[in-house]
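The following block contains a protein sequence and its predicted model.
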Amino acid sequence: MTARHGHTGWCARDHRCNLAEHRSAEILVDLPGRARAVLVRVRASDGREHAEIRVRVALADIDPVARRQLGTLLAGLRDVVTRAAVTRRPRPGRAAA
């Protein structure tokens, strides 16, 4: 972090850093016409860091197919979030969750 502004080495150092948070530039994964994901690294005012992810996926026009897509999306997100959370290292002086 820089002494003058308290920014991290990865933060965007602009309007995205507000309300005592530091936010990185957006990382985009774009599949034109099909899907888009946006990832931002955030350090909250209490010093904890987290990832903020927004995902937009085009759904089929037919409801049963769209429902199947949503189920697949939710199952995949659950797996990704679980894997990421398990690999998080405990903070000093705290037991692992």
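It's in.

Point out where the chain drops to low pLDDT.
1-7, 9, 12-17, 88-97 (pLDDT under 70).

Could you chop the protein up by domain?
For the chain, automatic domain parsing gives the domain ranges 1-58, 59-89.

OK, contacts around Cys11?
Cys17, His22, Arg23, Ser24, Arg43 (Cβ atoms under 8 Å, 6 or more residues apart in numbering). C-beta: built from backbone N, CA, C; applies to glycine.

Quick check: closest non-adjacent residue to it.
Of all residues not flanking Cys11 in the chain, His22 sits nearest, at 4.0 Å (Cβ to Cβ, 6 or more residues apart in numbering).

Relative to Ser45, how far out is the one you found?
Distance of His22 to Ser45, given as Cβ to Cβ, to the nearest Å: 9 Å.

neighbour count winner among the two?
Set side by side, His22 and Ser45 give different neighbour counts by other Cβ atoms under 10 Å, the larger being at His22 (22 against 9).

Perfect, that will be all.
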